[in-house]
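Chemist: Predicted structure and sequence below. I'll ask about it afterward.
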Amino acid sequence: MTLSGYISLHGGHSGEFCCHAQDGLADIIARYIQMGFRQVGITEHIPPVHSKFLYPEEIVQGLTVDHMYQRFARYFATIRQLQVEMADRIRIFAGMETEAFAGYLPHVRHLAAEFSPDYLVGSVHHVADICFDYSPETYEAAVRACGSVEDLYLAYFDRQFEMIQAVRPFVVGHFDLVRIHDPDYTNRVLQPEIARKIDRNLDLIKDLDLVMDLNLRPLAKGEAEPYPTRSILEKIGSRRIAMVPGDDSHGVVQAGNHVDAGIRLLEEMGFDTQWPVPRLLEIKNE
Ligand SMILES: [Zn+2]
Ligand SMILES: [Zn+2]
């Protein structure tokens with residue numbers, strides 16, 4: 001059994017359940033239906049495990065770790081309801097996007113047991129517990145904590161390897177997000193030490209038969225190419241790893257954008273565009 005046509009398996013963040021997104025979840029899903037999607041995966045961010053991982057806009061709004069957990073519980077209640085209400089128009093997969101900050105593994109295991117998501121997107125937004133993708137300033141701080149830009153890449157791909165092994169996310173999110181504020185990323189990913197870690201992580205993804213996110217968010221921001229970059233996409237293609245578009249949308253106006261371009265790119269590069277059906281894999285116990 002596979003899926004076909006327009007799809008996004010990473011995105012649908014909504015202002016209802018995420019402080020750096022806009023709009024209600026039902027309106028976002030209505031937009032997917034209007035654009036001709038017959039299936040979509042919604043993957044709200046998991047709540048933080050500790051107050052030090054609250055984002056500035058969450059702190060400004062006076063949100064605590066406890067509030068965030070309660071809001072996440074409401075997300076799951078809402079998406080399960082929408083799944084049923086909209087079943088005749090769209091097949092919704094209720095997912096969540098993980099983190100890889102300190103203490104993430106028992107936290108993710110607990111959330112998965114508590115909410116039984118349909119699948120997980122495994123992402124790394126933190127290195128040395130600094131959220132490097134938040135702003136150029138936090139990226140700089142992560143570089144300083146690691147020693148150099150190269151060291152940040154190495155630490156990122158090591159953390160990602162560990163997360164993939166432990167969490168076994170059905171979708172590996174924005175594989176090379178670490179390039180986000182690095183203008184020289186096309187050369188950086190070819191550096192031998194970094195390339196070896198990229199190859200190692202891709203081999204693991206292949207071994208575990210996971211799916212990768214063709215993350216279209218950079219296109220929405222006017223950049224030239226999605227995550228991952230072309231040279232990594234070629235490595236993925238040669239390993240015959242499945243890739244599925246993800247709009248990483250954070251509001252109605254972003255929902256479904258660039259998915260057609262993403263599918264065209266995958267077709268041009270010889271990827272299979274019959275999409276695997278998301279499912280929850282077993283999270284490692286220790
Ligand atoms: Zn987000
Ligand atoms: Zn993400």
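Modeler: Looks like it came in fine. Numbering: from 1, shown residues only. Ligands and ions are numbered 1, 2, ... in the order given.

Chemist: When you work out contacts or count neighbours from here on, use the C-alpha atoms and nothing else.
Modeler: Fine.

Chemist: packing partners for the stretch of helix or strand residue 196 belongs to?
Modeler: Applying DSSP states H and E as the criterion places residue 196 in helix 192-207. Packed against helix 192-207 by the contact rule (3 or more C-alpha pairs under 8 Å, 6 or more residues apart in numbering; DSSP states H and E) you find helix 149-167, helix 230-239.

Chemist: Can I get that helix in CSV, CA atoms only?
Modeler: Provided in CSV are the C-alpha atoms of helix 192-207 (Å, rounded to 0.1, in the frame of the first residue of the first chain):
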residue,chain,number,x,y,z
PRO,A,192,35.9,14.7,4.1
GLU,A,193,35.2,14.4,7.9
ILE,A,194,31.7,15.9,7.6
ALA,A,195,31.0,13.8,4.4
ARG,A,196,31.9,10.7,6.3
LYS,A,197,29.3,11.4,9.0
ILE,A,198,26.7,12.2,6.4
ASP,A,199,27.4,8.9,4.7
ARG,A,200,27.3,7.1,8.0
ASN,A,201,23.9,8.6,8.9
LEU,A,202,22.5,7.9,5.4
ASP,A,203,23.6,4.2,5.7
LEU,A,204,21.8,4.0,9.1
ILE,A,205,18.6,5.5,7.6
LYS,A,206,18.9,3.0,4.8
ASP,A,207,19.5,0.1,7.2
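
Chemist: among the helices and strands packed on helix 192-207, which is nearest residue 75?
Modeler: helix 149-167 (21.2 Å; C-alpha to C-alpha).

Chemist: And the contacts of whatever helix or strand comes next after that closest one?
Modeler: Using DSSP H and E, the helix or strand that follows helix 149-167 in sequence is strand 171-172. Under the contact criterion C-alpha atoms under 8 Å, 6 or more residues apart in numbering, strand 171-172 has outside partners 9, 119-123, 164, 210-213.

Chemist: Determine which two of these are furthest apart.
Modeler: Of all pairs drawn from the contacts of strand 171-172, the greatest distance, 17.1 Å, lies between 9 and 164 (C-alpha to C-alpha).

Chemist: So residue 143 lies in a helix, does it not?
Modeler: Yes. Residue 143 forms part of a helix when assessed by DSSP: H, G, I helix; E, B strand; the rest coil.

Chemist: pretty sure it is touching residue 154, no?
Modeler: No. Distance between residue 143 and residue 154: 11.0 Å, which falls outside the contact criterion (C-alpha atoms under 8 Å).
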